[in-house]
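Trainee: kindly return the folded structure for what I paste below:
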Amino acid sequence: MKVNEWLLNPAERPGAQVTMVMLHHSGGSASVFVPWARMMPSSIEAWLVELPGHGGRMSEAAIDRFQPLAEALATALRPATSRRYVFFGHSMGAMLAFEVAKRFARDGVPLPDRLFLSAFKEPANFVKNRIKRAHLNDVQLLEYIKSLGGTPLEVLENRDLISMMMPVIRADYGVLDSYEPMPAPKLACPFTVFGGIADKGIPFEALSAWDQHTASGSKLIPVPGAHFFLHEHRAKLIRQITEDLGLPEA
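Mentor: Now for the predicted structure:
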């Protein structure tokens, strides 16, 4: 089911207590989280974000700047706030989840019960150490993506597919390259931060810096694997999310 142009609900849970809005990584799409939606306990209904130019919206132009994307998301995700909800974002999706939550606080919109932030540096740390990549040529950009893991080799070697995906990938790196955190008070919702213990680009211990952005406490959860640990350890993460929300696992 489509909630709106930005939100998909592939596994309806009529008796769900919580909506979990899930934001994908750069170059990804809502389809990344379809297996998650189907694995959720009956108490959690997953709404998957589909950005312009991605997945089922490939006919649209992708947004390649951070500010307009964050503001558009802050409008598009408001339907989730009609009941208890949380955000889960992986990599670029974590950054977007955090920034949308700050805009909700600015605008007086109810905040999520909790932010689940996965595989993204604390924002000031990210900006300080950022290496901009949107300007790289296709070969250089693909080599970087390959170094992250998580993308099947047969995809990376499929020239037609990569040719189709490259404008979206480049637009997402434009978003990351132009990211400037919005100044805001600490958020009045707790964080759970997931990090891959073998993620070479994001030292696990550095993720503790996220705690400075919440007035309600945070917890840091190590996950085996590198940057895309969310694929292999989906069940572990869902159990942690369910536990943190105080919900039954069934």
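Trainee: which residues of the protein fall in strands?
Mentor: Taking DSSP state E as the criterion, the chain carries its strands at 2-4, 7-8, 18-23, 44-49, 85-90, 115-118, 191-196, 218-223.
Trainee: I'd like those as CSV, with mean pLDDT and mean neighbour count appended.
Mentor: C-beta here means a position set from N, CA and C on the backbone, and glycine is covered the same way. Converted to CSV, those look like this (pLDDT from 0 to 100; neighbours: other Cβ atoms under 10 Å):
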stretch, mean pLDDT, mean neighbour count
strand 2-4, 93, 13
strand 7-8, 98, 22
strand 18-23, 98, 25
strand 44-49, 98, 24
strand 85-90, 98, 26
strand 115-118, 98, 26
strand 191-196, 98, 24
strand 218-223, 98, 17
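Trainee: using a markdown table, lay out those together with distance to residue 96.
Mentor: Formatted as a markdown table, the strands of the chain follow (distance: least, Cβ to Cβ, whole Å):
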| stretch | distance to residue 96 |
| --- | --- |
| strand 2-4 | 16 |
| strand 7-8 | 13 |
| strand 18-23 | 5 |
| strand 44-49 | 8 |
| strand 85-90 | 6 |
| strand 115-118 | 10 |
| strand 191-196 | 15 |
| strand 218-223 | 18 |
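Trainee: any idea how many residues pack against the residue nearest to residue 145 when sequence neighbours are not counted?
Mentor: Closest residue to residue 145 apart from its sequence neighbours, by Cβ to Cβ, 6 or more residues apart in numbering: residue 151 at 5.9 Å. Close neighbours of residue 151, defined as other Cβ atoms under 10 Å, add up to 16.
Trainee: one more: residue 146?
Mentor: Other residues near residue 146 number 13, with proximity taken as other Cβ under 10 Å.
Trainee: ok, residue 143 next?
Mentor: Neighbour number of residue 143 under other Cβ under 10 Å is 12.
Trainee: cool, and residue 127?
Mentor: Per other Cβ under 10 Å, the neighbour tally for residue 127 reads 13.
Trainee: same question, residue 38
Mentor: 10.
Trainee: likewise residue 157?
Mentor: Residues near residue 157, counting by other Cβ under 10 Å: 11.
Trainee: now do residue 205
Mentor: Neighbour count of residue 205, defined by other Cβ under 10 Å: 9.
Trainee: nearest to residue 30, out of the strands of the chain?
Mentor: Closest to residue 30 of the strands of the chain is strand 44-49 (Cβ to Cβ; 3.8 Å).
Trainee: that closest one pairs with which strands, parallel or anti?
Mentor: strand 7-8 (antiparallel), strand 18-23 (parallel) (DSSP bridges).
Trainee: hmm, who's touching it?
Mentor: Contacting residues not belonging to strand 44-49 are listed as 3, 6-13, 16-24, 30, 33-34, 36-37, 40, 73, 77, 80, 93, 96, 241-242, 245, 247 [Cβ atoms under 8 Å, 6 or more residues apart in numbering].
Trainee: again, but for stretch 52-65
Mentor: Stretch 52-65 has contacts (Cβ under 8 Å, 6+ apart) with 5, 8, 24, 28-31, 50-51, 69, 72, 134, 164, 167-168, 170-172, 174-175, 178.
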